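Novice: I'd like to go over a predicted model; first the sequence, then the structure.
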Amino acid sequence: MAETSGQYGPDWQMPPPMLGAHGAGPAVIIRSERAVVATRQVLAFPTGIVIEVEAHGRDTWQDQYGIEYTDGLRFAVRFADGRTVRQNDSAGLRDGRGPMLHAFSTQSSGGGRNNSEDIQLSLWLWPLPPSGPVTLSCSWPRAGITDAGLVLDGDRLRAAAALAEPFWSSDQG
């Protein structure tokens, strides 16, 4: 079963109380006439990674009441060992091995003359990926994006995770 980070909740739910180490980024996932989606940075922790994403769209904003949930910006990850996860899919929790991917922080705005849309989100991926390629893919149907991807280096992420530091020393409680 998944370990817990004490008062901060289970490991699959959020990053531990640490300063994550830089693992990758910034990098463009996709750029088109209507949208750009990029990672600002990827931070590695002993229990997983934070992927900070920003997206900007032109003529993608719709009145919230007219938006289908599946029209939004969505992500998925594939590990080198074949395990896959889609954003907010909890199947990885059933056996306690993961993976699990969810947005734990989001900001968005939209509208204006050209119906622009700006999104910032922080994705938490649990557990720390194994060695080998880690493929982050995204779709954003309103922006005409159906399958864009970025390959991260699992070995580099694992090495960076070893450099993450606790907020406080253990004797400070």
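Specialist: Yep, it's here.
Novice: Show me the shaky parts of this structure.
Specialist: Scanning the chain with the threshold set as pLDDT under 70 gives 1-8, 61-71, 109-112, 115, 171-173.
Novice: can you give me the strands for it?
Specialist: 18-19, 21-24, 27-31, 35-45, 48-57, 74-78, 84-86, 100-111, 116-126, 133-140, 145-153, 165-166 (DSSP state E).
Novice: for this protein, what's the longest helix?
Specialist: helix 154-161 (DSSP state H).
Novice: Which positions in that helix come out as buried?
Specialist: The neighbour-count check on helix 154-161 (16 or more other CB atoms under 10 Å) flags 154, 156, 157, 158, 160, 161 as buried. (Glycine included, C-beta is placed from N, CA and C.)
Novice: Taking the centroid of the protein, which residue is nearest it?
Specialist: In the chain, the residue lying closest to the centroid (CA atoms, centre = their mean) is residue 123, at 2.8 Å.
Novice: Bridged to that residue, which residues?
Specialist: Listed by DSSP bridges, the beta-bridge partners for residue 123 are residue 51, residue 103.
Novice: Give the full set of residues in contact with it.
Specialist: 50, 51, 52, 53, 75, 87, 101, 102, 103, 104 (CB atoms under 8 Å, 6 or more residues apart in numbering).
Novice: hmm, back to that, as TSV, the strands of the chain with distance to residue 94 would be great.
Specialist: Shown next, in TSV, are the strands of the chain (distance: least, CB to CB, whole Å):
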stretch	distance to residue 94
strand 18-19	27
strand 21-24	27
strand 27-31	29
strand 35-45	23
strand 48-57	18
strand 74-78	17
strand 84-86	12
strand 100-111	11
strand 116-126	14
strand 133-140	21
strand 145-153	25
strand 165-166	30
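Novice: Perfect, that will be all.
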